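> Fold the following and give me the result.
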Amino acid sequence: MSFNTDPVVSINNATIYQENKTILSDITLYIEKGELVFLVGRTGSGKSSLLKTLYADLSLQLGEIRIAGYDLSKIKRQEIPLLRRKLGIVFQDFQLFPDRTVAENLFFVMKATGWKDRAKMKNRLSEVLMRVGLGSVDSKMPHQLSGGEQQRVVIARALINEPQLLIADEPTGNLDPDVSEGIFNLFLEINKSGTAILMATHDYRIVGNHPARILKCVDGKVLDSKKEKIELSGPGF
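Modelled structure (predicted):
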(Lines give C-alpha, C1' and ligand atoms only; values in the text may rest on other atoms or scores of the structure.)
Protein backbone atom coordinates (compact mmCIF):
# COMPACT_ATOMS: atom_id res chain seq x y z
CA MET A 1 0.00 0.00 0.00
CA SER A 2 1.27 3.49 -0.84
CA PHE A 3 2.05 5.83 2.05
CA ASN A 4 2.81 8.96 0.03
CA THR A 5 0.86 12.08 0.89
CA ASP A 6 0.02 13.24 -2.64
CA PRO A 7 -3.65 14.15 -3.20
CA VAL A 8 -5.70 11.36 -4.76
CA VAL A 9 -7.00 13.94 -7.26
CA SER A 10 -5.02 16.99 -8.41
CA ILE A 11 -6.60 19.30 -11.02
CA ASN A 12 -4.72 22.30 -12.40
CA ASN A 13 -6.26 24.77 -14.88
CA ALA A 14 -8.34 22.05 -16.50
CA THR A 15 -11.17 22.62 -18.97
CA ILE A 16 -13.79 19.91 -19.47
CA TYR A 17 -15.16 19.41 -22.98
CA GLN A 18 -17.90 17.22 -24.38
CA GLU A 19 -18.15 16.96 -28.17
CA ASN A 20 -15.95 20.07 -28.49
CA LYS A 21 -18.30 22.11 -26.31
CA THR A 22 -16.79 23.69 -23.21
CA ILE A 23 -18.65 22.38 -20.15
CA LEU A 24 -16.45 23.58 -17.27
CA SER A 25 -13.36 25.78 -17.43
CA ASP A 26 -10.36 26.84 -15.32
CA ILE A 27 -10.74 24.13 -12.68
CA THR A 28 -8.03 23.95 -10.02
CA LEU A 29 -8.66 21.81 -6.96
CA TYR A 30 -7.30 18.89 -4.95
CA ILE A 31 -8.95 15.97 -3.18
CA GLU A 32 -6.87 14.47 -0.41
CA LYS A 33 -6.62 10.80 0.52
CA GLY A 34 -9.53 9.82 2.75
CA GLU A 35 -11.55 12.98 2.04
CA LEU A 36 -15.35 13.02 1.55
CA VAL A 37 -16.51 15.54 -1.06
CA PHE A 38 -20.01 16.27 -2.38
CA LEU A 39 -20.39 17.41 -6.00
CA VAL A 40 -23.61 19.39 -6.55
CA GLY A 41 -25.22 21.49 -9.26
CA ARG A 42 -28.30 21.60 -11.43
CA THR A 43 -28.93 18.99 -14.12
CA GLY A 44 -26.71 19.82 -17.08
CA SER A 45 -24.24 21.86 -15.01
CA GLY A 46 -21.32 19.53 -15.76
CA LYS A 47 -21.17 17.16 -12.80
CA SER A 48 -21.26 13.94 -14.82
CA SER A 49 -18.85 15.36 -17.42
CA LEU A 50 -16.34 16.11 -14.67
CA LEU A 51 -16.69 12.60 -13.22
CA LYS A 52 -16.39 10.99 -16.67
CA THR A 53 -13.19 12.94 -17.25
CA LEU A 54 -11.79 11.69 -13.95
CA TYR A 55 -12.27 8.04 -14.89
CA ALA A 56 -11.13 8.72 -18.48
CA ASP A 57 -14.46 8.18 -20.21
CA LEU A 58 -14.02 11.71 -21.61
CA SER A 59 -10.54 12.70 -22.73
CA LEU A 60 -8.77 15.63 -21.09
CA GLN A 61 -7.84 18.17 -23.77
CA LEU A 62 -6.70 21.19 -21.77
CA GLY A 63 -4.99 21.46 -18.39
CA GLU A 64 -3.66 18.82 -16.02
CA ILE A 65 -5.41 16.17 -13.95
CA ARG A 66 -3.53 13.61 -11.89
CA ILE A 67 -5.67 10.91 -10.30
CA ALA A 68 -4.54 7.83 -8.39
CA GLY A 69 -1.04 8.30 -9.79
CA TYR A 70 -2.06 8.73 -13.45
CA ASP A 71 -1.62 11.88 -15.55
CA LEU A 72 -4.82 12.11 -17.61
CA SER A 73 -3.26 14.48 -20.12
CA LYS A 74 -0.82 11.71 -21.09
CA ILE A 75 -2.72 8.50 -20.30
CA LYS A 76 -2.65 5.84 -23.02
CA ARG A 77 -5.74 3.87 -23.97
CA GLN A 78 -4.25 0.62 -22.64
CA GLU A 79 -3.61 2.29 -19.26
CA ILE A 80 -7.26 3.25 -18.69
CA PRO A 81 -8.24 -0.18 -17.26
CA LEU A 82 -5.26 0.09 -14.88
CA LEU A 83 -6.48 3.51 -13.72
CA ARG A 84 -9.99 2.18 -13.15
CA ARG A 85 -8.64 -0.61 -10.94
CA LYS A 86 -7.60 2.12 -8.52
CA LEU A 87 -11.05 3.74 -8.65
CA GLY A 88 -14.43 2.47 -7.58
CA ILE A 89 -17.28 3.77 -9.74
CA VAL A 90 -20.93 3.70 -8.61
CA PHE A 91 -23.70 4.71 -11.01
CA GLN A 92 -27.31 5.70 -10.39
CA ASP A 93 -28.70 3.02 -12.68
CA PHE A 94 -26.76 0.06 -11.18
CA GLN A 95 -25.50 -1.35 -14.53
CA LEU A 96 -25.64 -4.95 -13.34
CA PHE A 97 -25.91 -7.74 -15.90
CA PRO A 98 -29.57 -8.84 -15.54
CA ASP A 99 -28.91 -12.38 -16.80
CA ARG A 100 -26.11 -13.15 -14.31
CA THR A 101 -26.16 -13.83 -10.59
CA VAL A 102 -24.66 -11.40 -8.11
CA ALA A 103 -21.56 -13.60 -7.87
CA GLU A 104 -21.22 -13.75 -11.66
CA ASN A 105 -21.52 -9.95 -11.86
CA LEU A 106 -18.69 -9.50 -9.39
CA PHE A 107 -16.53 -12.27 -10.87
CA PHE A 108 -16.84 -10.56 -14.26
CA VAL A 109 -15.21 -7.42 -12.83
CA MET A 110 -12.53 -9.46 -11.08
CA LYS A 111 -11.58 -11.26 -14.30
CA ALA A 112 -11.62 -7.98 -16.24
CA THR A 113 -9.20 -6.43 -13.74
CA GLY A 114 -6.72 -9.28 -13.64
CA TRP A 115 -7.89 -11.68 -10.93
CA LYS A 116 -7.09 -15.33 -11.76
CA ASP A 117 -6.95 -17.35 -8.53
CA ARG A 118 -10.47 -18.79 -8.04
CA ALA A 119 -10.07 -19.29 -4.28
CA LYS A 120 -8.93 -15.69 -3.78
CA MET A 121 -11.80 -14.48 -5.95
CA LYS A 122 -14.35 -16.36 -3.84
CA ASN A 123 -12.83 -14.99 -0.63
CA ARG A 124 -12.90 -11.43 -1.94
CA LEU A 125 -16.49 -11.89 -3.13
CA SER A 126 -17.52 -12.91 0.39
CA GLU A 127 -15.58 -10.01 1.93
CA VAL A 128 -17.11 -7.26 -0.18
CA LEU A 129 -20.66 -8.61 0.11
CA MET A 130 -20.32 -8.82 3.89
CA ARG A 131 -18.90 -5.30 3.88
CA VAL A 132 -22.10 -3.94 2.31
CA GLY A 133 -24.40 -6.04 4.50
CA LEU A 134 -25.34 -8.65 1.88
CA GLY A 135 -23.80 -11.88 3.05
CA SER A 136 -26.22 -14.29 1.39
CA VAL A 137 -27.22 -12.90 -2.02
CA ASP A 138 -24.40 -14.24 -4.20
CA SER A 139 -26.63 -16.78 -5.97
CA LYS A 140 -29.54 -14.36 -6.55
CA MET A 141 -30.33 -12.58 -9.82
CA PRO A 142 -30.50 -8.77 -9.79
CA HIS A 143 -34.28 -8.76 -10.35
CA GLN A 144 -34.69 -10.71 -7.11
CA LEU A 145 -33.17 -7.84 -5.14
CA SER A 146 -34.67 -4.51 -4.05
CA GLY A 147 -33.28 -1.27 -5.46
CA GLY A 148 -31.31 -0.66 -2.28
CA GLU A 149 -29.86 -4.18 -2.36
CA GLN A 150 -28.87 -3.77 -6.01
CA GLN A 151 -27.06 -0.53 -5.17
CA ARG A 152 -25.23 -2.31 -2.34
CA VAL A 153 -24.09 -4.93 -4.87
CA VAL A 154 -22.83 -2.11 -7.09
CA ILE A 155 -20.90 -0.66 -4.14
CA ALA A 156 -19.48 -4.11 -3.37
CA ARG A 157 -18.38 -4.35 -7.01
CA ALA A 158 -16.70 -0.94 -6.72
CA LEU A 159 -14.78 -2.06 -3.62
CA ILE A 160 -13.30 -5.23 -5.13
CA ASN A 161 -9.89 -3.73 -5.89
CA GLU A 162 -9.64 -1.62 -2.70
CA PRO A 163 -9.87 1.70 -4.55
CA GLN A 164 -8.09 4.86 -3.46
CA LEU A 165 -11.12 6.85 -4.57
CA LEU A 166 -14.80 5.96 -4.86
CA ILE A 167 -16.60 8.03 -7.53
CA ALA A 168 -20.38 7.96 -7.11
CA ASP A 169 -22.71 9.58 -9.67
CA GLU A 170 -26.13 10.13 -8.07
CA PRO A 171 -25.94 6.82 -6.14
CA THR A 172 -29.21 7.44 -4.27
CA GLY A 173 -31.08 9.04 -7.17
CA ASN A 174 -33.39 6.07 -7.79
CA LEU A 175 -33.98 5.17 -4.14
CA ASP A 176 -36.55 6.28 -1.58
CA PRO A 177 -35.35 8.49 1.33
CA ASP A 178 -35.01 5.77 3.97
CA VAL A 179 -33.04 3.50 1.64
CA SER A 180 -30.96 6.48 0.49
CA GLU A 181 -29.92 7.21 4.06
CA GLY A 182 -28.83 3.60 4.55
CA ILE A 183 -26.77 3.69 1.36
CA PHE A 184 -25.15 6.96 2.37
CA ASN A 185 -24.30 5.58 5.82
CA LEU A 186 -22.51 2.75 4.01
CA PHE A 187 -20.49 5.34 2.10
CA LEU A 188 -19.62 6.99 5.43
CA GLU A 189 -18.34 3.68 6.80
CA ILE A 190 -16.22 3.16 3.67
CA ASN A 191 -14.86 6.70 3.99
CA LYS A 192 -13.97 6.22 7.66
CA SER A 193 -11.87 3.22 6.66
CA GLY A 194 -9.68 5.55 4.56
CA THR A 195 -11.20 5.56 1.05
CA ALA A 196 -11.72 9.01 -0.47
CA ILE A 197 -15.23 9.58 -1.85
CA LEU A 198 -16.43 12.04 -4.49
CA MET A 199 -20.23 11.88 -4.66
CA ALA A 200 -22.40 13.76 -7.14
CA THR A 201 -25.87 14.21 -5.67
CA HIS A 202 -29.11 16.17 -5.85
CA ASP A 203 -30.16 14.94 -2.40
CA TYR A 204 -30.39 18.15 -0.38
CA ARG A 205 -31.22 16.17 2.78
CA ILE A 206 -28.01 14.14 2.69
CA VAL A 207 -25.80 17.16 1.96
CA GLY A 208 -27.56 19.22 4.65
CA ASN A 209 -27.38 16.50 7.30
CA HIS A 210 -23.75 15.51 6.74
CA PRO A 211 -21.38 18.48 6.73
CA ALA A 212 -18.51 17.89 4.31
CA ARG A 213 -16.63 19.74 1.61
CA ILE A 214 -18.83 20.77 -1.33
CA LEU A 215 -17.94 21.38 -4.96
CA LYS A 216 -20.66 23.11 -6.97
CA CYS A 217 -20.86 23.25 -10.77
CA VAL A 218 -22.47 26.52 -11.81
CA ASP A 219 -22.14 28.81 -14.86
CA GLY A 220 -19.29 26.74 -16.31
CA LYS A 221 -17.18 26.92 -13.14
CA VAL A 222 -16.54 24.68 -10.14
CA LEU A 223 -16.95 26.49 -6.81
CA ASP A 224 -15.23 25.00 -3.76
CA SER A 225 -16.51 25.38 -0.19
CA LYS A 226 -12.87 25.31 0.94
CA LYS A 227 -12.46 28.69 -0.71
CA GLU A 228 -15.90 30.31 -0.65
CA LYS A 229 -19.37 30.02 0.82
CA ILE A 230 -21.68 27.88 -1.30
CA GLU A 231 -25.45 28.35 -1.34
CA LEU A 232 -27.53 25.18 -1.60
CA SER A 233 -30.96 26.77 -2.05
CA GLY A 234 -33.16 26.17 -5.08
CA PRO A 235 -33.95 23.10 -7.17
CA GLY A 236 -30.88 20.97 -7.85
CA PHE A 237 -28.95 23.37 -5.58
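> In the protein, where is pLDDT below threshold?
Residues of the chain that meet the criterion pLDDT under 70 lie in 1-4, 233-237.
> Who are the packing partners of the top helix by length along it?
As assigned by DSSP state H, the longest helix anywhere in the chain is helix 177-192. Under the contact criterion of 3 or more Cβ pairs under 8 Å, 6 or more residues apart in numbering; DSSP states H and E, helix 177-192 touches strand 36-40, helix 147-159, strand 165-169, strand 196-200, helix 204-209. In short, each C-beta sits where N, CA and C put it, glycine included.
> Those: which one's closest to Lys227?
strand 36-40 (13.2 Å; Cβ to Cβ).
> And the contacts of the closest one?
Residues from elsewhere that reach strand 36-40 (Cβ atoms under 8 Å, 6 or more residues apart in numbering): 31, 47, 50-51, 187-188, 191, 196-202, 207, 212-217, 230, 232, 236-237.
> quick revisit: I'd like the helices and strands packed on helix 177-192 laid out as CSV, including distance to Ser225 and mean neighbour count.
What follows is those, written out as CSV (distance: least, Cβ to Cβ, whole Å; neighbours: other Cβ atoms under 10 Å):
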stretch, distance to Ser225, mean neighbour count
strand 36-40, 9, 23
helix 147-159, 25, 23
strand 165-169, 18, 24
strand 196-200, 14, 23
helix 204-209, 11, 14
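> could those go into JSON lines alongside distance to Pro98?
As requested, the helices and strands packed on helix 177-192 are arranged in JSON lines below (distance: least, Cβ to Cβ, whole Å):
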{"stretch": "strand 36-40", "distance to Pro98": "29"}
{"stretch": "helix 147-159", "distance to Pro98": "10"}
{"stretch": "strand 165-169", "distance to Pro98": "20"}
{"stretch": "strand 196-200", "distance to Pro98": "25"}
{"stretch": "helix 204-209", "distance to Pro98": "28"}
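> nearest spatial neighbour of Glu35, skipping sequence neighbours?
Distances taken as Cβ to Cβ, 6 or more residues apart in numbering put Ala196 closest to Glu35, at 5.0 Å, once the chain neighbours are dropped.
> same deal with Ala156?
With Cβ to Cβ, 6+ apart, the residue lying closest to Ala156 is Val128, at 4.1 Å.
> what do you get for Pro163?
Excluding the flanking residues, the one nearest Pro163 by Cβ to Cβ, 6+ apart is Gly88, at 3.8 Å.
> dump the residue contacts of the most centrally placed residue in the chain.
Of all residues in the chain, the one closest to the mean position by Cα atoms, centre = their mean is Ile167, 1.2 Å from it. Listed by Cβ under 8 Å, 6+ apart, the contact set of Ile167 reads Leu51, Leu54, Tyr55, Leu87, Gly88, Ile89, Val90, Leu198.
> In helices, which of those residues appear?
Using DSSP H, the subset of the contacts of Ile167 located in helices is Leu51, Leu54.
> which two in the contacts of Ile167 are spaced the farthest apart?
In terms of Cβ to Cβ, these reach their longest pairwise distance at Leu54 and Val90, which sit 13.2 Å apart.
> Neighbours of the nearest residue to Ile31 once chain neighbours are set aside, how many?
By the measure of Cβ to Cβ, 6+ apart, the closest residue to Ile31 outside its immediate chain neighbours is Val9, 3.9 Å from it. Using other Cβ atoms under 10 Å, Val9 has 22 neighbouring residues.
> any idea how far Arg77 is from the closest residue in space to Ile190 that isn't next to it in sequence?
With Cβ to Cβ, 6+ apart as the criterion, Ile190 has its nearest non-adjacent residue at 6.4 Å, and that residue is Leu166. Going from Leu166 to Arg77 by Cβ to Cβ, to the nearest Å gives 24 Å.
> my guess is the residue nearest to Pro163 meets Ala156, correct?
No - using Cβ atoms under 8 Å, Gly88 makes no contact with Ala156, being 9.7 Å away.
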